[in-house]
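**Q** Below are the sequence and a predicted model; questions follow.
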Amino acid sequence: MSTRLANYGRLINRAKAVNFTFNGKVFNGFEGDTLAASLLANDQMLIGRSFKYHRPRGVVASGGEEPNALINLGVEGHFEPNARATTTETFNGLTAESQNHFPSLEFDIGAINSKLARFLPAGFYYKMFIHPRSFWKHIYEPIIRKSAGLGKAPKSRDADKYEHYYHFCEVMIVGGGIAGLQAAKSAAATGVRVLLVEQTAHWGGRAPVDGVVIDGMPAQDWITVTLADLSVRDNVVIRNRTQGSGVYDHGYALAYERIADHTPGDGRPRHRLWRVRCKQIVTATGGIERPLSFAGNDIPGVMLAAAVRDYVLNYGVSPGDRTVVVTNNDDAYRTALTLKQAGLEVPVILDARAEGGGDLMGEAIAAGIRVELGRGIAQVLGGKRVTGLQICSQAGEGAVLEEIGCDVVAMSGGWSPVVHLWSHCGGKLNWDADQAMFRPDPNQPPLGADGAGFVRVAGLANGHLRSAAIVADASAQGFAAAKAAGGTTKRVVLAKAEDFEELPLSPVWLMPQGASYKLRSKAWLDFQNDVKVTDVQLAAQEGFESVEHAKRYTTLGMATDQGKLSNINGLAVLSKSLNAEIPDVGTTTFRPPYTAISMASLAGEARGELFQPIRKTPMHDWHDSHSAEWEPVGGWRRTYAYVRPGESVDQAVQREVTNTREKLGLLDASTLGKIVVKGPDAGKFLDMMYTNMMSSLKLGRCRYGLMCSENGFLSDDGVVARIGDQTWLCHTTSGGADRIHAQMEEWLQTEWWDWNVWVVNITEQLAQVAVVGPNARKVLEKLGGMDVSADALPFMAWADGKLGGISGRVYRISFSGELSYEIAIPANRGLEFWEMLVEAGAEFDAMPYGTECLHIMRAEKGFIMIGDETDGTVIPQDLGLNWAISKKKDDFLGKRAQERMFMDNPDRWQLVGLETLDGSVLEDGSYAIATGQNANGQTNTEGRVTSTYYSPTLKKGIAMGLVFHGPERMGDVLSFTRIGAAPVKAKIVSPLFYDPEGKKSNV
Amino acid sequence: MKRNSVFAVAREAMRQHSGWRRTWANPEPKKFYDVIIIGAGGHGLATAYYLGKNFGITNVAVIEKGWLGGGNTGRNTTIIRSNYLQDPSAAIYEKARSLYEDLSQDLNYNVMFSPRGVMMLAQTQHEIRGYQRTAHANSLQGVKTEFICSARVKELCPIMNIDGPRYPVLGALWQARGGSARHDAVAWGYARACSDMGMHILQKTEVTGISQKDGTVTGVDTSRGQIGCKKLGMVVAGHASVVAEMAGFQLPIESVPLQALVSEPIKPCMDVVVMANTVHGYMSQSDKGEMVIGGGTDAYNAYTQRGSFHHLEETVRALIETFPMVSRLKMLRHWGGIVDVTGDRSPILSKTPLGNTFINCGWGTGGFKAIPGSGWGFAELMAKGESPLTAEFGLDRFRVGRFIDESVAAGVAH
Amino acid sequence: MLILNCPYCGRDKDETELTAGGEAHLKRFGPGSSDQDFEGYLFGRANPKGLHFERWRCAAGCGKWFHAARCTATLEIFGTYKAQTLEPPQVIKDAITAKRPGWSWRNFS
């Protein structure tokens, strides 16, 4: 059984016990434990179930590479599925549940899949479940989905908060092991700004566990000294619990800080996402030990050798009493020696190498441990826990030489450098056949903005397995990075480490090398996704020769550990099956993040009310307190209607229309775009921007203008006013102001840069109010201050003046067909002016109105609305707006485009009015049905509705639409689609439904 | 080729699966083929398949620089729908969708077409009108869609937040027979069927030049030598401009990275595909349990299969707004593909300035769902010189101004 | 995540502070031009895998449009220059030549 030892535990605080629950059972742990350590200390080796076969799963590793020990962590707003027990710090009150089983972890019905394994080889679902067709959706797929999926879906809203942080430095160093620390020291000495991040809570990585000695000091002492040295430097920022998660182009990197995962509810943000900009990155990310592929290697109790000694030395936890060590390298001997020193039993070390290892093997033998050379494991015995194993000759086919009892198997297949960050942004790898590992190819680094490499790799991550080489490499890489990033000091800070004499590993990709099909079909490569040696071999047999094909066919490396343990072993099996060399088969692409990071950290603070900023007019709060029904328009919020108690939204809209037509309406038009165009060439410029002639507009007058894209389509409209000899003010749509302003700048800067024109977007400087209706003049006269009579201020004129003591500009323009003034005042007096109008207007029955009322009134007048009558495919000619297209100008944006064959074409659909024969309202987006079908069997159409409303003024449905040869077909009756009902008949009429002579506005 | 079935699997299970043959052959190139397709992605393989199946043309090579299905076919978010607004789009996407319905049976390979339903959320008045218009158009196009209210949205997708605050869900365009499929299986299934017909799929074979004589193509130069052909089809998505340049013409195409990401797998919690265009996010849950999330495209040209990180932040933000539970999940992996975007964001299936050469490209962010229809129509175009499915997607439309603009319905083309 | 140096304000700008504007050095064709020229101007795009000239705006900075010479395959930046020019300045051409001898792009080399 696994248990807490009386001794050891360099990372735990035995004075501080913590309680936590696992599957409802209360367990004890110590501060400093990982959850995996705590569970092992309580003899909880079985932690979860695998993805496909629901096999029992226990802890394999001690870090972020762990594929098995995944749990549902926390409750409600703090719940997290698939939390990795090996990287979860144990805290008081932690609750954890095992995943992917029914009804319980101990007894899981899904485990039947394991019995059926031979019917479920790699890719089985591609070959099965084909007939009958409907069974996939209704029977097979739901079963497959339900049995997959691991953790539970969160149900509650996130109760935590998150934040983003920007950081700038010259050199970022990822990994706080001895290589990272030394690289940081070396870089920092040059004076550049250094950021050093470490994903765990502790510094120094494996060195203290591995007994490394640096500069004559035990590793822990050296780490303490080095950290102290770095901490006092003001050019160094160091962060633990912070993972270098991704490397992106041009020196951008992500660091993921888990601030409060281990102290939930303490008020701090849970996670902080660092967006780092640096010149150089040094990844000192160490290595990951590889499992060995032998039968039964997935049974709980089979662990990585280094992880076993981590649990003993770091947490004082013994994974088991009798541990067999199986290895192809010297490093695993350290585990045997550690266990022996801890008083635990190591019945045998199985070294697959015929010649065995170096000094460490000698020490093991001297310590009395039995060492068997050229031996491997034929099969591990046990179900939910290892009970023993069968020893065989590595060179053979698995004939059992001896059976031995044990409860832990510590395996080591050698080490793979963590090259993820190097590879994220295009760094290439070399296969080092001697060390059986992919290591960064220094000649093919990820390239920065200047075309030079911006990532370097130090230490084990760079393929150096021995501590002397690791610290030497780290010194050099840290220094080189700092130099490349502008560091000036010439001195390289060195460190010296001492090593045992170690012999090289011997690659072992299958144990025993000639293992039978039966053994291979029990040899796991990917523990979480249940991919076995035979699966990869089957993929190769079936022609999935590319490593990407084999991965996708078998799902190797696609689990939540992203193949950190399985990829190289799987690749080796694939290569062997294809009779190819490993580097010729190649690796899959390493994608960020290094380990999964919270979605919430990506969103940061931008959630809920802060999701996107809301633009508010100066009168926004007034609308809000007068029961505005809001509508998002661009970034703005506009009032859709002011809904009075007891009214529906529709009733409110109709009331607003009627009141404005009959009495007086007030509209907050502040969102309307307002752009000042000024300069000696301003007129010439506007003649290019608009289809109309704007240069000839007289001072004091307004003109309705159209803007097209260079591709000919109508893009915006609005009233332009001539403000001065060289000054125009252009109104745009509410959503269009920023876009149109940017377009004007673009044309002026990139095409007509020799023209003397300035453009300024003053939209937010002004509040604007439309005073609309028969009583409009009366209320302005009541405010007083300027002459707003028809003579002084005729239709389509403007004047500056004061109203009620507030300076403003008054435009006599109308989008409703009523007598109408639009008054622009400084934004800071907008609310005051609005309230003044409301108060003064009371005796004239003034009511505020919203955007829907505005839409109905403009439709009653046949005025087009950008976004309704236009959709990016409509040209002004389609809308009967030829009068607004100047015939005198040689050129304007869109003119050439409109000469193309498909645009200069009488068959284009044209704007008309539409009225149903029964007075009903046509449906939004309805199409006019024509006779016959096209070559693809689609019903032909001859028009469509662009705007449709119930007109409270005319007491019937009115619509505008685009119809084939429409204006020539007045009175024709068309058939329009309705959803879920028979088509409805509508007659083509003039779009000028109300006051066609325009008498009401021109008074 | 051995028929796939539960019986075949059972039989093989008894003999250690030793009887399974290669899914597709790995032949040496011949000197000459009737048709060469450049690009063994979904569209290229489907084209070859329907050339054989519908027109009996089987002396075909599909040439692939890397591994088949390794481009955008194998790196998209696998959404299948046909609720497009414009007639030509609705026609080809609906053709594709209807072929997907029977594709597993047709190919004898389970592509896991899952018509679980696709909804496109309306979160502004403008979107409501746009999707209502699409529903009307679809009713005449033979595409079954409906506009549903927010309560029904919530019923179909309980994990969704329909209340805002920023963009409450006002309704959705719902296509019940839209859904998803297993992307790799689509490529593999077509490849298997093509190989079965005797066609050659030449992987790891790079086209380096295009030989021409008198305005027609005579063959291609490849990393495995010269190969002649009677007709040439270019179906290379993000690299369309590069191949077209070899042939001496230019395309109205820009290549940009498009990103996607997946969460770690969780138990089933979402049975539909949801697209939220106002906030730019779309999501579905794979059969493995991962939440599959689509992001945006970069605004500048690039051929790197990765994109700018800030797009992912924006996407995830939008999704947390729409699906609050996403906040507690973790991003497992993100990646990019190179998508070929045309001037009107609709695809090109067209003749080219070279008489016997045809091009199929410009699918941009929405190609996966079109694969069977694209292959069907493009095969017909290549075999007969015209196809009703491809008629409106010619290159000439950019000259005469006859665009196919889908953005008008507030939709994006994912 | 590109960084470009704005040749007006002299600042290094993250791409989130910039607006991308597509291919640079397009010649505008207006009324009177042929259908072919007009189509080329609006839609014909170089789209090379390699050296490209493109437009950017220092949108969250000084507001100016500028041009960049950039590799679309490696994302290397060869240089940025002001937009008020019909062709890349010699210093930019030289910078490209130093890295990519024998380069050409549309009519430039």
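**A** In hand now; what should we look at? Please read these numbers as outputs of a predicted model, since none were measured by experiment.
**Q** does any bit of the longest helix along chain A sit next to chain C?
**A** In chain A, with assignment by DSSP state H, the single longest helix is helix A:467-484. No. Figure legend: helix A:467-484 not in contact with chain C (Cβ under 8 Å from any Cβ of the partner chain); closest approach 15.7 Å. Every residue, glycine included, has its C-beta placed from N, CA and C.
**Q** who's in contact with the residue lying farthest from the centre of chain C?
**A** Going by Cα atoms, centre = their mean, the residue of chain C most distant from its centre is C:Gly32, 26.9 Å out. C:Gly32 makes contact with A:Arg896, according to Cβ atoms under 8 Å, 6 or more residues apart in numbering or on different chains.
**Q** one more time with 10 Å, if that's ok
**A** Neighbouring residues of C:Gly32 by Cβ atoms under 10 Å, 6 or more residues apart in numbering or on different chains: A:Asp890, A:Asp891, A:Arg896, A:Glu899, C:Phe38.
**Q** Give me every residue in the stretch 151-300 of chain B lying close to chain C.
**A** Counting by Cβ under 10 Å from any Cβ of the partner chain, the residues of the stretch 151-300 of chain B close to chain C are B:238-242, B:244-245, B:249-256, B:298-300.
**Q** from those, which ones fall inside strands?
**A** Judged by DSSP state E, the subset of these located in strands is B:Ile253, B:Glu254, B:Ser255, B:Val256.
**Q** Could you identify the most distant pair in these?
**A** B:Ile253 and B:Val256 (10.1 Å; Cβ to Cβ).
**Q** who touches both of those two?
**A** What both B:Ile253 and B:Val256 touch, as defined by Cβ under 10 Å, 6+ apart, is the set B:Gly238, B:Asn301, B:Val339, B:Asp340, B:Val341, B:Gly364, C:Asn47.
**Q** Got a ChimeraX select line for the buried ones in those?
**A** Here is the ChimeraX command that picks out the buried ones among these, judged by 16 or more other Cβ atoms under 10 Å in any protein chain shown:
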select /B:238,301,339,340,341,364 /C:47
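**Q** Downstream of the longest strand along chain A, the next helix or strand is which one?
**A** Identified as the longest strand of chain A according to DSSP E is strand A:939-951. As assigned by DSSP states H and E, the chain's next helix or strand after strand A:939-951 is strand A:956-964.
**Q** Please report how far the residue lying closest to B:Ala240 once chain neighbours are set aside lies from chain C.
**A** Spatial nearest neighbour of B:Ala240, excluding adjacent residues (Cβ to Cβ, 6 or more residues apart in numbering or on different chains): B:Cys361 at 3.7 Å. From B:Cys361 over to chain C the distance is 11 Å, taken as Cβ to the nearest Cβ, to the nearest Å.
**Q** what's near enough to touch B:Cys361?
**A** B:39, B:43, B:234-241, B:243-244, B:251, B:253, B:255, B:340, B:342, B:347-350, B:367, B:395.
**Q** Mind checking which of those residues land in helices?
**A** B:His43, B:Ala240, B:Ser241, B:Val243, B:Ala244.
**Q** check contacts around the first one.
**A** B:His43 makes contact with B:37, B:71-73, B:187, B:190, B:233, B:235-237, B:347, B:349, B:360-361, B:363, B:367-368, B:370-375, B:378, according to Cβ under 10 Å, 6+ apart.
**Q** any chance of the ones in strands among the residues of the stretch 151-300 of chain B next to chain C in JSON lines, plus neighbour count and pLDDT?
**A** Rendered in JSON lines, the data for these read as follows (neighbours: other Cβ atoms under 10 Å in any protein chain shown; pLDDT from 0 to 100):
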{"residue": "B:Ile253", "neighbour count": "26", "pLDDT": "96"}
{"residue": "B:Glu254", "neighbour count": "24", "pLDDT": "96"}
{"residue": "B:Ser255", "neighbour count": "25", "pLDDT": "97"}
{"residue": "B:Val256", "neighbour count": "25", "pLDDT": "96"}
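**Q** what's the closest of those to chain A?
**A** B:Val256 (14.2 Å; Cβ to the nearest Cβ).
**Q** Tell me if I'm right that the closest one and B:Ser241 touch.
**A** No. Contact criterion Cβ atoms under 10 Å: B:Val256 and B:Ser241 do not qualify, at 11.7 Å.
**Q** anything in contact with each of these two?
**A** With Cβ under 10 Å, 6+ apart as the test, B:Val256 and B:Ser241 both reach B:Asn301, B:Tyr303, B:Asp340, C:Asn47.
**Q** Return the closest of those residues with respect to chain A.
**A** B:Tyr303 (11.5 Å).
**Q** Quickly note the distance from that closest one to chain C.
**A** 5 Å.
**Q** can you check B:Ile159 too?
**A** According to Cβ to the nearest Cβ, B:Ile159 and chain C sit 30 Å apart.
**Q** ok, that residue - contacts?
**A** With Cβ under 10 Å, 6+ apart, B:Ile159 has these contacts: A:153-155, B:269-270, B:274, B:283, B:285, B:291, B:322-326.
**Q** let's see it at 8 Å
**A** So B:Ile159 contacts A:Ala153, B:Cys269, B:Met270, B:Phe323, B:Met325 (Cβ under 8 Å, 6+ apart).
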